[in-house]
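> Below are the sequence and a predicted model; questions follow.
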Protein chains: 2
Amino acid sequence: MVSREKIVFLETFFEVFKHLYKHIQMKKMSIKAVAETLKISTATVSYILNGKAKEKRISDELTKRVLAYVEENNFKPNHLAKSLRTGKTNVIGLIVEDIADPFFASVAGNIETIAYENGYKIIYSSTKNDTVKAKELINTFRERNVDGYIITPTENLESEISQLIKSGLPVVLFDRNCTDIEVSYVGMDNFESSYKAAKYLVNHGYKNIAFVTLDSPQAQMIDRLLGYEKAVYEKRIPSIVKKFEYNSAKVNNITNDIGQFLEENPAIDAIFFATNYLAIRGIEMMNRAGIKIGKGMGVMVFDDNDLFRIHQPSISAIAQPIEEMSKQLINTLLEHMENADKYLAKEYILPASIVVRDSTTKI
Amino acid sequence: MVSREKIVFLETFFEVFKHLYKHIQMKKMSIKAVAETLKISTATVSYILNGKAKEKRISDELTKRVLAYVEENNFKPNHLAKSLRTGKTNVIGLIVEDIADPFFASVAGNIETIAYENGYKIIYSSTKNDTVKAKELINTFRERNVDGYIITPTENLESEISQLIKSGLPVVLFDRNCTDIEVSYVGMDNFESSYKAAKYLVNHGYKNIAFVTLDSPQAQMIDRLLGYEKAVYEKRIPSIVKKFEYNSAKVNNITNDIGQFLEENPAIDAIFFATNYLAIRGIEMMNRAGIKIGKGMGVMVFDDNDLFRIHQPSISAIAQPIEEMSKQLINTLLEHMENADKYLAKEYILPASIVVRDSTTKI
DNA sequence: TATTTTCGCTTAATCATTTAAGCTTAGAAT
DNA sequence: ATTCTAAGCTTAAATGATTAAGCGAAAATA
């Protein structure tokens, strides 16, 4: 026969044990645990932690007590539970062509600062310019419930992007734009910068300026080409355009191909490279072939780089306004995320600056 | 008077309406929704989706039916709920000194590939070499429940890192190690590479080799210095060490300071730069001052870079095995994450290669 | 005195999963 | 005929927050 006393004893023991046990493992503090120790409800704790104490008419005394306890025990509410409930993850998805590229890495660094200041973390990934991969990435990011997207789109990504927007998800594109959809974009003025740079060459006496570019249908590549063409047409000097296949597999061939191109066109007295990447190959080739950059051969490059500043002779370049672009990018996205209901696409086309160096100084 | 029939009618209507309404919005598919349409329980759906159908004795017929439905409707279970329940986020936290630095950006790019192949996403952040920030970042990542950490530690980060390990969280350090704690590390052999590079200079006739470094207590910086010293002591040639204050605020001064240092030590016939960053400043200065790199002044740099390859004359450098390091890094972490219970610290010290170029070829 | 407000909280549903434990039913074994 | 076993599911309790709605007591108003 079990006595009432014994039952009461056992129950008491059990309660004490549970309490002790919790303190022993100390593992998982939760709003519930906090509420229990303070003998109040989880709702109260939640309101206080979210700064809604006043609004919800929680007494100052209790508010202080809770905050003190939370502070002392260094309690942080579980982010996952919060996200599950609210639907907000405070994560931004960054999809670039290649995070290892200094340009994108630099942008990643710049947006990180502002994002973290605003409580956002960034998850990145690289498309390697592969549309299939880009689509996959957008989907994984959707599955992960990221709050906003920064994307350098590949080709044919319009439908995925417009679907994001239709679903009310904030998106800002950069570097490359997508035509035909209403989406925010931050980039530089490729046409104007290219025109200005080419005009600089034209005005400084170069008569046979080659434009070396990629055979790509990307808008910004076309703009760069058109900028160059405008400048040469205006002065009625020949347009000499060399397009390379856009295929990173054949990196090494490009160096040789540029050499061949120059041999076939001996009249060329300046080269305007449409990308950084082509320029590095070209410069390597010219150095090897003993072509004197600056003296005899002018060089201008789209996209500046430490390398061009240090090179002997130094190389003139069009410098993208990376910092301004990054700031505009993340601020536009933050703005979209704050007013997630009404997406008003905005475009920011920032001007680039032309950094004149030795390579365009005749003799 | 309301008839029973009317009540029944209204109730039925309401049920039908609710059903229709759900179908109209079609917003949030969930395991629950799937289960309801297929008239089975959520548990069954969950088991099937997690590949436990056989184990849980779900009939092949039902399994197929569920998979087909899920496939057709492109349903993906909510990752947040999953993470909340299981405690796994499938996110890796990457904490580097600066994501914008080409070296770290390159590592970020390399680990991304393997991480994504294994279902992990990466969230990054930069310490800017600030211990306070580094501690904050570790805490934010903990709050975010990342599954594993890749960290380039700042100074005095030992306690935070050992706490991570005590909590059973997988950590791999890289680039810089932490002494005194049992933690996995992937890095290069700074002492040996530095010794080999310095020896190369010594063996090629340079008699007054300056070592330009940062005044930093970081283990890898000390190793680099010691490697140099071993090489010069062995040949009984003078050790000329110049330490610069480690303060990124004074970037521009460094260029001038290096110039002054060279003026004060006219005997110097070669410079060994302990970092990439110092070298770029130094090369810039030498170019400005008309000092002939290669002829008269040998140059060797720790950490290779596109710039050093393209520079005229090209600059000899110690190339970190970035790809191998990245692979080892992420694979070690993945391994730790798979056996999260038993953390066995491993060290991988990879050898660097010395890339000999024009700058160390006398005359 | 009776009623209404206000205050200061609590209750309980919800978010979307996972998973241990339990419950039918049919067929096999006793 | 009865019990046991196994197949094939389901039930329901977590996971840890947020938040609309509610509730009792005290204070204010009628």
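Done, it's in. Numbers count the residues shown, from 1 in each chain, chains lettered A, B, ... in the order given.
> When you work out contacts or count neighbours from here on, use the C-alpha atoms and nothing else.
OK.
> does A:Lys243 count as helix, strand or coil?
Under DSSP: H, G, I helix; E, B strand; the rest coil, A:Lys243 falls in the strand class.
> Confirm for me that it is in contact with A:Pro217.
No: at 11.4 Å, A:Lys243 does not count as touching A:Pro217 under the criterion of Cα atoms under 8 Å.
> Look at the two and report which has more neighbours.
A:Lys243 (12 against 9; other Cα atoms under 10 Å in any protein chain shown).
> So stretch A:256-268, near chain B or not?
No: contact of stretch A:256-268 with chain B (Cα under 8 Å from any Cα of the partner chain) is absent, the minimum separation being 15.3 Å.
> Give me the contacts around whichever helix or strand A:Leu278 is part of.
Element membership for A:Leu278, per DSSP states H and E: helix A:276-289. With contacts defined as Cα atoms under 8 Å, 6 or more residues apart in numbering or on different chains, helix A:276-289 is touched by A:212-213, A:254-256, A:258-259, A:273, A:292-293, A:301-305, B:310, B:312.
> any idea of the mean pLDDT for that helix?
For helix A:276-289, the mean pLDDT works out to 88.
> Does anything pack onto the next helix or strand after it? Which helices or strands?
Of the helices and strands lying after helix A:276-289 in sequence (DSSP H and E), the nearest is strand A:298-302. With contacts taken as 3 or more Cα pairs under 8 Å, 6 or more residues apart in numbering or on different chains; DSSP states H and E, strand A:298-302 sits against helix A:190-203, strand A:270-273, helix A:276-289, strand A:316-319.
> mind listing what strand A:298-302 pairs with, with the direction of each?
With DSSP bridges as the test, strand A:298-302 is paired with strand A:270-273 (parallel), strand A:316-319 (parallel).
> what is the orientation angle of that strand with helix A:190-203?
170 degrees (axes from the mean of the first three to the mean of the last three Cα atoms, to 10 degrees).
> Give the next helix or strand downstream of strand A:298-302.
Next element after strand A:298-302 (DSSP H and E): helix A:306-310.
> How far does that next one sit from its chain's centre?
23 Å (Cα atoms, centre = their mean, to the nearest Å).
> Tell me which residues of it come out buried.
Neighbour-count burial for helix A:306-310 flags A:Leu307, A:Phe308, A:Arg309, A:Ile310 (criterion: 16 or more other Cα atoms under 10 Å in any protein chain shown).
> and the residue of the stretch 51-200 of chain A found nearest DNA strand D, how many residues sit next to it?
Proximity of the stretch 51-200 of chain A to DNA strand D (Cα to the nearest atom of the strand) peaks at A:Pro77, 2.7 Å away. Residues lying near A:Pro77 (other Cα under 10 Å) number 15.
> in the stretch 101-250 of chain A, which ranges drop under the pLDDT threshold?
Residue ranges of the stretch 101-250 of chain A with pLDDT under 70: A:247-250.
> Which parts of it are strands?
A:121-126, A:148-151, A:171-174, A:184-188, A:209-214, A:240-244 (DSSP state E, counting those that start in this stretch).
> roughly how far is the last one from the heart of the chain?
Translated: strand A:240-244. 30 Å.
> Quick one: name the residues of chain A near DNA strand C.
Residues of chain A lying near DNA strand C by Cα under 7 Å from any atom of the strand: A:39-44, A:56-62, A:81, A:84-85.
> before we move on, back to that, and of the strands paired with strand A:298-302, who's closest to A:Glu72?
strand A:316-319 (50.4 Å; Cα to Cα).
> roughly how far out does the closest one sit from the chain middle?
21 Å.
> Give me the contacts around it.
Residues contacting strand A:316-319 (Cα under 8 Å, 6+ apart): A:193-194, A:197, A:299-304, A:308, A:352-360.
> quick one, phi psi at the residue in the stretch 151-300 of chain A positioned nearest to DNA strand C?
Per Cα to the nearest atom of the strand, A:Ser167 is where the stretch 151-300 of chain A lies closest to DNA strand C, at 14.2 Å. Backbone torsions of A:Ser167, given as degrees, to the nearest 10, read phi -80, psi 10.
> mind checking how far it is from A:Ile151?
16 Å (Cα to Cα, to the nearest Å).
> List the buried residues for stretch A:172-183?
A:Val172, A:Leu173, A:Phe174, A:Asp175, A:Arg176, A:Asn177, A:Cys178, A:Val183.
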